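Colleague: need the 3D shape of this:
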Amino acid sequence: MKLLWSLLLMALALPVSAAVTETELMQVAVDLGHRYDATYGEKSPAGMASLYARDGILVSPSGAIIRGRDALQAYYVKRFASGAHGHAIKILEVHPSGEGGYSIADFSVTSPDAKGVMQEVKGHIVAIYQHDADGWHLSLVEPTIPER
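Modeller: So this is what the prediction gives:
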């Protein structure tokens with residue numbers, strides 16, 4: 001009986017995960033969006049990778065799938081070396097789901113086209129957020145760029 005009571009008391013002492021609200025998720029999305037833009041402006045590949053979950057994924061505009069922080073850091077090294085700059089995100093809407101959720105945003109960035117000519121590109125981003133022991137991170141990011 002003592003064991004049962006001990007287990008019950010331990011279970012009651014465990015933190016209970018609560019579903020994230022729309023207001024909380026909007027704050028998370030806006031904060032991560034600002035940090036993304038600021039870190040992009042600093043041209044910090046390690047900083048960019050740290051915004052993602054350890055197993056985070058970016059589906060790049062070219063369609064390549066980049067998995068994990070090491071690969072993300074390498075991606076951003078190349079991205080910044082190409083001259084890409086001026087990233088700006090505007091969160092349009094968020095959708096909580098359990099302890100995380102996703103957002104839809106507009107974005108713009110100046111980056112080279114296929115011929116290396118710098119151009120401003122505008123599109124949309126779908127981002128999925130997750131919370132872990134280190135805080136909130138991007139779990140999956142997929143930008144889309146409308147055809148011109």
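Colleague: for this protein, what's the longest strand?
Modeller: Longest strand of the chain, by residue count under DSSP state E: strand 118-132.
Colleague: show me what it is packed up against.
Modeller: Applying 3 or more CB pairs under 8 Å, 6 or more residues apart in numbering; DSSP states H and E, one finds that strand 118-132 makes contact with helix 22-42, strand 52-59, strand 100-112, strand 135-144. No exception for glycine: its C-beta is placed from N, CA and C like everyone else's.
Colleague: quick check: which of the ones you listed is nearest to Met118?
Modeller: When the helices and strands packed on strand 118-132 are compared by CB to CB, strand 100-112 sits nearest Met118, at 5.6 Å.
Colleague: show me what that closest one is packed up against.
Modeller: Packing partners of strand 100-112 (3+ CB pairs under 8 Å, 6+ apart): helix 22-42, strand 85-97, strand 118-132.
Colleague: quick one: the closest residue in space to Tyr40 that isn't next to it in sequence and Ala19, what's the gap?
Modeller: What sits nearest to Tyr40 in space, not counting adjacent residues and going by CB to CB, 6 or more residues apart in numbering, is His87, at 3.9 Å. Distance of His87 to Ala19, computed by CB to CB, to the nearest Å: 31 Å.
Colleague: what sits against Thr23?
Modeller: By CB atoms under 8 Å, 6 or more residues apart in numbering, the contact set of Thr23 is empty.
Colleague: coming back round to it: how about the longest strand of the chain as PDB, C-alpha atoms only?
Modeller: Taking Å, rounded to 0.1, in the frame of the first residue of the first chain, the C-alpha atoms of strand 118-132 are listed here in PDB:
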ATOM      1  CA  MET A 118      20.400  39.700 -56.400                       C
ATOM      2  CA  GLN A 119      16.600  40.100 -56.200                       C
ATOM      3  CA  GLU A 120      14.000  40.600 -53.600                       C
ATOM      4  CA  VAL A 121      12.000  37.400 -53.200                       C
ATOM      5  CA  LYS A 122       8.600  37.300 -51.400                       C
ATOM      6  CA  GLY A 123       6.600  34.300 -50.400                       C
ATOM      7  CA  HIS A 124       5.000  32.400 -47.500                       C
ATOM      8  CA  ILE A 125       6.300  30.200 -44.700                       C
ATOM      9  CA  VAL A 126       4.600  27.400 -42.900                       C
ATOM     10  CA  ALA A 127       6.400  26.700 -39.600                       C
ATOM     11  CA  ILE A 128       5.700  24.100 -37.000                       C
ATOM     12  CA  TYR A 129       6.800  24.900 -33.400                       C
ATOM     13  CA  GLN A 130       7.800  22.500 -30.600                       C
ATOM     14  CA  HIS A 131       8.700  23.100 -27.000                       C
ATOM     15  CA  ASP A 132      11.500  21.200 -25.300                       C
END
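Colleague: nothing else from me, thank you.
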